[in-house]
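Got a predicted structure plus its sequence, pasted below:
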Amino acid sequence: MKSRLKAQTYYIRICSIFFVIFAGFFTAANAQTGLKDVYANHFLVGNILNGGTINNSGVKNLILQEYNSITMENEMKPNATMTQSGSTDDNIKATLGTGARNILKFCQDNKIPVRGHVLVWHGQSPHWFFTADLKNPATPANTSSVNWATKEQMEKRMKSYFNNLFALIKQTYPNLDLYAYDVVNEAVDVRNGVGCPRGKGYDMDGAGGVDHTKNGNSPWVQIYGDNSFIESAFKYAAEARDKYFPKMKLFYNDYNEWDTPKRDYIIKQILIPLRDKGYLDGMGMQGHVDCDPSQWAWSRITIFREAMDKYAALGIEVQITELDVGKKGFTYQQQATKYKEIFAHAIKVNVRERAKRNPGFTAIIGWGPNDANTWRGDDEATLFDKNNQKKDAYHAVFSLVPESEWGDGNNPTFRDQFTHQKQILTPDLVKVSGRILSLNVSNFVMVNIFDIQGKIVAKFSATGNSQFSLNDMPTGIYLVNIKGQGVESTTKIVLK
């Protein structure tokens, strides 16, 4: 009996040792895995840095472990990247401050993709940029006293500013992966339940503030009279992009983007027109929400998911660009649930949209690396506490994807499928001139043309040099898919 007990005890000890060894192995493996790896096959997962946090070793280590996208909190906004001295209508001088330079160098050195934020905004933009003589007005709050610039002046200023800024970034950081840029930010207001442009004048109440009792909010609307400046901004941004960062995607970005009248205005008045003209690549949903689970909460998950669906169905890229989930008045578990629901729905949308060859969600960016570095103060809105410890929300998001679906966050393969249209064009195979589609293939191929919803609208075969008329197809964006013997190519075309 003693020998049997001794053998059993020995067996238990051996099993315990192996359990500890293997548990330690898997714990160590998970410790080396960040959110960027967990979601590598779905979308980028990013966060922000600013001039202070770039010097915080704890935050930088957290970034390197968890994320594969960086946005600057304030360092790339207009008031930080324009120089008044020496600027003219035809040549708005661009600059990069110390914080921006440190962050861009960190990202280039560590091969972290960067989202640019932002080119055109009513907030945090210098007053002189909007005056006829490029001088600061004496009383900016008195709209009628300001010597405003003309539309023609602003067109020239936008074009030169974008070109100079992109040229400066490219020259200084030639190997930077600047993969996306918010071209226009927060241009939509809601008044009397209807989406509309912002009011006229300077922003005197803070970047996101709206005071309908005052004549003031957007100097862009003051000069243009409406939101027509948005198309100009995307046109000039596309020109500069094609010259310096041809793979970069151009986004419209806004907050409260789930609110029905604002959402519908954004879709109908901004996204669809710019998409159809080939200027816009995506929608940035800022995602500043709270975790109130009640049925009629302002940022309830049902209305947020509905907005996610509608934006993605346009066939453009969608990114949640400034995600934080306020906890004040609620529990850590409720916060975790809200984070998880958003990430889970992004994956669900991607399954549906990518089956139609649409990109769906390509990035989710947090707006604050931890609760000590967030604009929302004591709302504890991020995934990490003030000591960089993982919160319930982090674990909920991390555990959402099975380990079998993890990947390499430093080389997310999904990005190759959704390169900017000028990169997926293959001139040796496909050319479009007006309404004539020309193919140059040596083998027999099948050609399928898909509309923006993923429906086949034309199907035919081709061999050698062939031309096909597209006169019967409505204006819009299409994907031309060619597949045959050793040949496969997907080309985005815009018919006007």
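Great, that's in hand. Numbers count the residues shown, from 1 in each chain.

lowest confidence element among the helices and strands of this protein?
helix 421-424 (a mean of 38; mean pLDDT, DSSP states H and E).

and the next helix or strand after that one, which residues are buried?
Per DSSP states H and E, the first helix or strand lying C-terminal to helix 421-424 is strand 430-433. Judged by neighbour count (16 or more other Cβ atoms under 10 Å), strand 430-433 contains these buried residues: V430, K431, V432. Heads up, the C-betas are built off the backbone N, CA and C, glycines and all.

Let me see the contact set for the first one.
The reference is to V430. Shown in contact with V430 (Cβ atoms under 8 Å, 6 or more residues apart in numbering): L437, S438, L439, N440, V480, I482, S489, T491, I493.

Quick check: PyMOL command selecting the buried ones in these.
Buried residues within the contacts of V430, by 16+ other Cβ under 10 Å, are selected in PyMOL with:
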select buried, resi 437+439+480+482+489+491+493
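
Among the contacts of V430, which pair sits farthest apart?
N440 and I493 (15.3 Å; Cβ to Cβ).

Strands of the stretch 51-200 of the chain, start to end?
Along the stretch 51-200 of the chain, the segments classed as strands by DSSP state E, counting those that start in this stretch run 70-72, 82-88, 91-94, 114-121, 178-185, 188-191, 194-197.

So which of these is nearest K310?
When these are compared (using Cβ to Cβ), the closest one is strand 194-197, at 13.6 Å.

If we go by neighbour counts, what in the closest one is buried?
G195, C196, P197.

ok, what's across the strand from the last one?
Which is P197. V188 (DSSP bridges).

mind giving me the domain split of the chain?
46-399, 430-495 (automatic domain parsing).

Save these as JSON lines, and put in distance to R415 and mean pLDDT too.
What follows is these, written out as JSON lines (distance: least, Cβ to Cβ, whole Å; pLDDT from 0 to 100):
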{"stretch": "domain 46-399", "distance to R415": "8", "mean pLDDT": "95"}
{"stretch": "domain 430-495", "distance to R415": "15", "mean pLDDT": "79"}
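
Nearest to D408 among those would be which one?
domain 46-399 (9.6 Å).

K459: what's it in contact with?
Contacts of K459 (Cβ under 8 Å, 6+ apart): M446, V447, N448, I449.

Out of these, which is nearest to Y394?
Of these, the one sitting nearest to Y394 (Cβ to Cβ) turns out to be N448, at 42.4 Å.

show me the contacts for that closest one.
Contacts of N448 (Cβ under 8 Å, 6+ apart): I456, A458, K459, V480, N481, K483.

So which of these is the closest to N41?
N481 (21.9 Å).

Would you agree D90 is in contact with S160?
Yes - the criterion here is Cβ atoms under 8 Å, and D90 meets it with S160 at 5.8 Å.

neighbour-wise, which of the two wins?
S160 (20 against 10; other Cβ atoms under 10 Å).

ok, that one to N102 distance?
Here S160 is placed at a distance of 26 Å from N102 (Cβ to Cβ, to the nearest Å).

and the spatially closest residue to D378 that is not a sequence neighbour, how far is that from D385?
Nearest residue to D378 in three dimensions, chain neighbours excluded: K328, at 6.9 Å (Cβ to Cβ, 6 or more residues apart in numbering). K328 sits at a distance of 15 Å from D385 (criterion: Cβ to Cβ).

State the three-state secondary structure for the residue nearest to the spatial centre of the chain.
Centroid-nearest residue in the chain, with Cα atoms, centre = their mean: Q319, separated by 4.1 Å. Here Q319 is recorded as strand under DSSP: H, G, I helix; E, B strand; the rest coil.

That one is in contact with I364, isn't it?
Yes - here Q319 reaches I364: they are 7.1 Å apart, a contact under Cβ under 8 Å.

what number of residues lie near A138?
8.

Same question for G326.
21.

Quick check: beta-bridge partners of it?
D290.

How about the contacts made by it?
H288, V289, D290, C291, R376, D379, E380, A381.

P137 too?
H127, T131, S145, V146, N147.

Over to T337?
C291, P293, A396.

mind redoing it with 6 Å?
If you count contacts by Cβ atoms under 6 Å, 6 or more residues apart in numbering, T337 has none.

quick one, phi/psi of it?
phi -60, psi -40 (degrees, to the nearest 10).

cool, and the one 3 residues further on?
K340 adopts backbone torsions of phi -60, psi -40, taken as degrees, to the nearest 10.

Neighbours of the closest residue to it other than its chain neighbours, how many?
In space, and not counting its chain neighbours, K340 is closest to A396: 4.1 Å by Cβ to Cβ, 6+ apart. Neighbour count of A396, defined by other Cβ under 10 Å: 21.

how close does the closest residue to L64 other than its chain neighbours get to G51?
Once flanking residues are discounted, L64 sits nearest to N110: 6.3 Å by Cβ to Cβ, 6+ apart. To G51, N110 is 18 Å away according to Cβ to Cβ.

Checking I303 next. Helix, strand or coil?
helix.

Of the strands of the stretch 51-200 of the chain, flag the one that's most buried.
Most buried of those, by mean neighbour count (mean count of other Cβ atoms under 10 Å): strand 178-185, with a mean of 26.

Give me the helices and strands touching that strand, please.
On a contact count with 3 or more Cβ pairs under 6 Å, 6 or more residues apart in numbering; DSSP states H and E, strand 178-185 meets strand 114-121, helix 229-244, strand 249-254.

May I see the ones you listed arranged in CSV, with distance to M204 as well?
Formatted as CSV, the helices and strands packed on strand 178-185 follow (distance: least, Cβ to Cβ, whole Å):
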stretch, distance to M204
strand 114-121, 15
helix 229-244, 19
strand 249-254, 20
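
Can you give the distance from stretch 473-492 to the centre of its chain?
26 Å (Cα atoms, centre = their mean, to the nearest Å).

Would you mind listing the buried residues in that stretch?
Buried-residue list, stretch 473-492, by 16+ other Cβ under 10 Å: 473, 476-482, 484, 489-492.

Stretch 309-327 too?
310-327.

Need the distance between the two termini of that stretch.
Taking Cα to Cα, to the nearest Å as the measure, stretch 309-327 stretches 25 Å from start to finish.

re the thing from before, would you list the buried entries among the contacts of P137?
Buried members of the contacts of P137, scored by 16+ other Cβ under 10 Å, are H127, T131, V146.

The second one contacts N147, doesn't it?
Yes - with contacts defined as Cβ atoms under 6 Å, T131 counts as touching N147 at a distance of 5.4 Å.

give me the beta-bridge partners of M283?
With DSSP bridges applied, M283 shows beta-bridge pairing to Y252, V318.

unless I'm mixing things up, it is touching A312, no?
No - using Cβ under 6 Å as the test, M283 is too far from A312 to be in contact (8.6 Å).

Between these two, which contacts overlap?
V318.

Could I get the full set of helices for the stretch 51-200 of the chain?
Remark: helices assigned in the stretch 51-200 of the chain by DSSP state H, counting those that start in this stretch are 57-66, 78-81, 98-109, 151-172.
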